[in-house]
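Undergrad: Give me the fold of what follows.
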Amino acid sequence: MQERPNYKVITAVGPDRVGIADDLAEIVTRNTCNIEESKMAVLGGEFAVIMLVSGKPANLHSLAEEIYQRGEKLGLQIFVKNTHEPVVSSSGIPYILQTISQDTPGIVHAVTSILRRYNINIEDLETETSFAPWSGAPLFHMHARILVPHGVPIHGLREELLALETQQDLHIELKPFFPAPRE
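TA: Purely as a prediction, here's the structure:
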C-alpha cells in the first residue's frame, strides 16, 4: 500500500525577475516533492506565488529547510505552513461570479459582503485592472469561483447582486460552474 503524501503551502514574494518560478520548482523537484496547485503573478513590481506541495514527511521537511535557506539569496520572503490534503466539497453548488466595471474603490468588499451574508465560500478569487479600448478609462475585472451552500435561495442572491449592479454601475454574471472531468 502506498503511503499517503503530506502537504505544505508555500508562499513567496519578492522583486520580479526572470526565473523565479523555475528556481522554486527546482527546489521542490530536488527534494522529491510535487507541486499540486499553484498561483503565480506579478503584482506591481513584485512576484508572488502560493503553492500546494505534496511529498513524504522527510522530503517536505528538507524542502522547507532548503527553501528558507535559499529564499534570501533568491530575494524572496518565504513562508511555509503545514496543511492537509485538498478536500472536494459536496456541501454546495459551484458557481462562477464575474464582474466588470469602471475601477472604483470598494467593489471587492461590496461583492464579498453579499457572499458572506449567504454563507458562500470563495474558493478562488482574482482581480485585475485593464484599460478600456477607446477611452483608456481604467476597468476592474473580478473572477471568483464560489461554493453556494445547498438551500441558499439563488433567486435572492441574484436579486442582491442585481441591486449592487445598479447601485455601483457594475456588470455582474453569476452562472453554475461545471468543472472539466479529471483524467
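Undergrad: Next, S135: secondary structure please.
TA: Applying DSSP: H, G, I helix; E, B strand; the rest coil to S135 yields a three-state assignment of coil.
Undergrad: Could you give the number of residues near it?
TA: Here the number of neighbours of S135 (other C-beta atoms under 10 Å) works out to 9. The C-beta positions use only the backbone N, C-alpha and C, and glycine is treated the same way.
Undergrad: And I100, by the same measure?
TA: 14.
Undergrad: Show me the beta-bridge partners of it.
TA: On the basis of DSSP bridges, I100 is bridged to H141, H171.
Undergrad: which residues sit in contact with it?
TA: Listed by C-beta atoms under 8 Å, 6 or more residues apart in numbering, the contact set of I100 reads 139-142, 170-171.
Undergrad: do E3 as well
TA: K56.
Undergrad: With V152 instead?
TA: 92, 118-120.
Undergrad: now do L74
TA: Contact analysis of L74 by C-beta under 8 Å, 6+ apart lists 14, 20, 23.
Undergrad: Got the confidence number for it?
TA: Per-residue pLDDT puts L74 at 93.
Undergrad: before we move on, what about P86?
TA: 83.
Undergrad: Tell me if it really is in a helix.
TA: No: with three-state DSSP as the criterion, P86 is located in coil rather than a helix.
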